[in-house]
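J.: Sequence and predicted structure, then a few things I'm wondering about:
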Amino acid sequence: MTEGTSRPRVRFAPSPTGYLHIGGVRTALFNWLYAKKSGGAFILRIEDTDQERSTPENERIILDSMRWLGLDWAEGPDVGGPHGPYRQMERLGIYQEFVEKLIKSKAAYRCYCTKEDLDAQREALKKQDPKAQFRYPGTCRDRTDHPDLPFVIRFRAPSSGVVTYRDKVFGEVTTPLNTLQDAVLVRKDGIPLYNLGAVVDDITMGITLVARGRDHMINTPPQILLYEALGAKVPEFAHLPMMLNQKGEKLSKRDGAVSVTEYRDMGIPPAGLLNYLVRFGWSYGDQEIFSLPDLTQKFDWERCGKGDGKFDTKKLAAVVFEHLKQKDLMSDEAYITGVRPFIEARGLRVDDDKLVRALPLYRERGQTWVEAADLMDYLFRDTPVFDEKASKKFLVPAKAPILEDVAGWFAAAPDFTPAKLEEGFTAFIAERSLEMKDVAQPVRVALTGRSASPGLFDVAALLGRDAVVERLKRAAKTAEASAT
RNA sequence: GGUCCCAUCGUCUAGCGGUUAGGACAUCGGCCUCUCACGCCGGUAACGCGGGUUCGAUUCCCGCUGGGAUCGCCA
């Protein structure tokens, strides 16, 4: 392989054994950002060689999740590309070729030992010395016969020396080889294992840099050996520190939401999620909030940290909230596109005009689109859903006359804009020697069904005269009836 | 246990020999106020320990301690 002057090529290679994991998203994001920044290509490859757990349905979910996130790929299983196919199970012939090369050069050999036998040996050793490390004894290493039995392909690992590589984030890493063992490259059913599949694909797909989680760091030395045995150019490597749970352990299903789809269903905008994720292990001075275009300008491996971190949902919420609030990060149009489905999911018909006018009031109130939809619920129904505590506290008989009175005032209010309403209402209240704080809550509950909402006059203007008067009158009746 | 990796407020982090160790989230006060938010002002809070190197270490080196990853015919 010649030193390429070509553009960088990076990949994200999930295995369709489950949904898209939040940690996977972080890996995908860093790869994607690097590709965008460097004018390179981001490739999506499906590593489906685990026949037991891989499903087409999972692959679909992963692709959908990637699309939702906006992490687009230049080559992949759905769009194809010059180095396809992009599903490992469709590349079996390619691995076959490379394996033959390895066998021919004696870098790999057939092993007829059975898994059962090896497992038994492993168990026996463990029983004898729990701390001992089982290593393949090399039984078939120099075997020359070819019995008619199932076999796996093993890599002939060197027993001395070291392998050193320069990691883009961790710097120089050196591993002694005497601890390596002859790892299985191909199963007895002919399907390759991770290390072989990934290396062959990365070679044939022209991958120039492999960026992945730090949990793969241990695989790098044997993979480098494979590149060398195949006479291929070793790509660059960049390992990313791990995302841990609150307790400092590897993130798992039990730690709350780890699937991207859960975040989508929570009404979290993808840009916000990505922003949180990028700050995990990468920083740009004191800047916390980034748009995606901004990131594609600023991202680099040099600013990546090495320390593992703990996933913090509070911080995630805060970062997401910034995206929900700031118009330069998310236009009103984008916000509307985002919330609408969540309002509709409540069985409500969205009045576009009303939604547009409500936006300035709610962008800074809903921490997620789900929350915003909940807060705006009353705008899209004829009768608000009453919070029990709120109505019990404020819609009491003593307030009934006031509500009736206020309804009358609104019915005759000359100008239904927030400013004019406030002006007139304040005067009206003063005439009756009432104070705003005495009337505001009952009126608020009457209009919205809740004890918390945006400013009363903003709400009133949004609802419009007819709805306001109707709701107030109805609330007055409710208040009166609550005596019994 | 072997191998690899890491180490600044509770959390994410800035710092790349000399700083009152900065920011953000969280937290605690306060302001604003018709409620809730938003916003604003302020406080508490960190360099794991021990050796070096140096005029001077959070920063460089070594050890320790602590934490994590991984040891499959999973990826």
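T.: That came through, no problem.
J.: For A:D377, give me its contacts.
T.: A:I343, A:R346, A:L348, A:P384, A:V385 (Cβ atoms under 8 Å, 6 or more residues apart in numbering). Where you see a C-beta, it was placed from the backbone N, CA and C, and this is true even at glycine.
J.: Tell me which of these fall in strands.
T.: Counting by DSSP state E, the contacts of A:D377 place none of their members in strands.
J.: and these, which are buried?
T.: In these, burial by neighbour count holds for A:I343, A:P384, counting by 16 or more other Cβ atoms under 10 Å.
J.: near RNA strand B, from the contacts of A:D377?
T.: Restricting those to those touching RNA strand B (Cβ under 7 Å from any atom of the strand) yields no residues.
J.: from the contacts of A:D377, which single one is nearest RNA strand B?
T.: Within the contacts of A:D377, proximity to RNA strand B (Cβ to the nearest atom of the strand) peaks at A:P384, which comes in at 13.8 Å.
J.: That closest one contacts A:Y378, correct?
T.: Yes. A:P384 lies in contact with A:Y378 (Cβ atoms under 8 Å); the separation is 3.8 Å.
J.: intersection of neighbour lists for these two?
T.: With Cβ under 8 Å, 6+ apart applied, the overlap between the contact sets of A:P384 and A:Y378 consists of A:L447, A:T448, A:G449, A:R450.
J.: residue contacts, the second one?
T.: Each residue near A:T448 by Cβ under 8 Å, 6+ apart is listed here: A:Y378, A:P384, A:V459.
J.: What about the residues you listed, which are in helices?
T.: Cross-referencing the contacts of A:T448 against helices under DSSP state H gives A:V459.
J.: Show the model's pLDDT score for A:E3.
T.: As predicted, A:E3 sits at a pLDDT of 46.
J.: Please disregard the earlier target; I meant A:F410.
T.: Looking at A:F410, its pLDDT is 97.
J.: If you count contacts, what does the host helix or strand of it end up packed against?
T.: Applying DSSP states H and E as the criterion places A:F410 in helix A:400-412. Helix A:400-412 sits against helix A:418-431, helix A:436-448, helix A:465-481, with contacts defined as 3 or more Cβ pairs under 8 Å, 6 or more residues apart in numbering; DSSP states H and E.
J.: which one of the ones you listed is the most hemmed in?
T.: Stretch with highest mean neighbour count among the helices and strands packed on helix A:400-412: helix A:436-448 (a mean of 20; mean count of other Cβ atoms under 10 Å).
J.: CA-only coordinates of that one in CSV, if you can.
T.: Presented in CSV, the C-alpha positions along helix A:436-448 are these (Å, rounded to 0.1, in the frame of the first residue of the first chain):
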residue,chain,number,x,y,z
MET,A,436,-53.0,41.1,41.5
LYS,A,437,-51.8,38.3,43.7
ASP,A,438,-55.3,37.6,44.9
VAL,A,439,-56.8,37.2,41.5
ALA,A,440,-53.9,35.9,39.4
GLN,A,441,-54.0,32.3,40.5
PRO,A,442,-57.7,31.6,40.2
VAL,A,443,-57.6,33.2,36.8
ARG,A,444,-54.6,31.2,35.8
VAL,A,445,-56.2,28.0,36.9
ALA,A,446,-59.3,28.9,35.0
LEU,A,447,-57.4,29.5,31.8
THR,A,448,-54.8,26.9,31.9
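J.: Any part of that helix near RNA strand B?
T.: Yes. Using Cβ under 7 Å from any atom of the strand, helix A:436-448 reaches RNA strand B at A:M436, A:K437, A:A440, A:Q441, A:R444.
J.: For the helices and strands packed on helix A:400-412, could you give me JSON lines that also reports mean pLDDT?
T.: Shown next, in JSON lines, are the helices and strands packed on helix A:400-412 (pLDDT from 0 to 100):
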{"stretch": "helix A:418-431", "mean pLDDT": "95"}
{"stretch": "helix A:436-448", "mean pLDDT": "95"}
{"stretch": "helix A:465-481", "mean pLDDT": "96"}
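J.: out of these, which comes closest to A:R141?
T.: helix A:436-448 (76.8 Å; Cβ to Cβ).
J.: Now do that closest one and helix A:418-431, the angle between them.
T.: 130 degrees (axes from the mean of the first three to the mean of the last three Cα atoms, to 10 degrees).
J.: okay, the angle between helix A:436-448 and helix A:465-481?
T.: Between helix A:436-448 and helix A:465-481, the angle comes out at 110 degrees (the same axes, to 10 degrees).
J.: could you give the angle of helix A:436-448 to helix A:400-412?
T.: In terms of direction (the same axes, to 10 degrees), helix A:436-448 departs from helix A:400-412 by 70 degrees.
J.: So what's the gap between helix A:436-448 and the chain middle?
T.: On the basis of Cα atoms, centre = their mean, to the nearest Å, helix A:436-448 sits 41 Å off its chain's mean C-alpha point.
J.: Report the residue spans of chain A with pLDDT below the cut-off.
T.: Per-residue confidence for chain A (pLDDT under 70) gives these ranges: A:1-5, A:483-484.
J.: What parts of the stretch 151-300 of chain A come near RNA strand B?
T.: When proximity is defined by Cβ under 7 Å from any atom of the strand, the stretch 151-300 of chain A lies next to RNA strand B at A:152, A:170-171, A:173-176, A:179, A:183-184, A:187-189, A:193-195, A:197, A:214-219, A:241-242, A:244, A:248-250, A:279-281, A:283, A:285-286, A:288.
J.: Which residue, neighbours along the chain excluded, lies closest to A:I43?
T.: Nearest residue to A:I43, sequence neighbours excluded (Cβ to Cβ, 6 or more residues apart in numbering): A:R11, at 4.1 Å.
J.: Quick one: neighbours of that neighbour, just the number.
T.: Counted by other Cβ atoms under 10 Å, the residues lying close to A:R11 total 27.
J.: now do A:D72
T.: 14.
J.: Report the separation between it and A:L44.
T.: Plainly put, A:D72 is 9 Å away from A:L44 if you go by Cβ to Cβ, to the nearest Å.
J.: got any residues that touch both of the two?
T.: Residues touching both A:D72 and A:L44 (Cβ under 8 Å, 6+ apart): A:M66.
J.: that older thread, doesn't the residue nearest to A:I43 fall inside a strand?
T.: Yes. Looking at A:R11 with DSSP: H, G, I helix; E, B strand; the rest coil, it is inside a strand.
J.: Contact partners for it?
T.: Shown in contact with A:R11 (Cβ under 8 Å, 6+ apart): A:N31, A:F42, A:I43, A:L44, A:R45, A:D201, A:D202, A:M205, A:I207, A:V210.
J.: Kindly report the same for A:L348.
T.: Taking Cβ under 8 Å, 6+ apart as the test, what A:L348 contacts is A:D377, A:F380, A:R381.
J.: Repeat that for A:A407.
T.: A:V468, A:V469, A:L472, A:K473, A:A476.
J.: One more: A:D117?
T.: Going by Cβ under 8 Å, 6+ apart, A:D117 touches no other residue.
J.: The helix or strand containing it near RNA strand B anywhere?
T.: Assigned by DSSP H and E, A:D117 belongs to helix A:115-128. Yes. Using Cβ under 7 Å from any atom of the strand, helix A:115-128 comes into contact with RNA strand B via A:K115, A:L118, A:R122.
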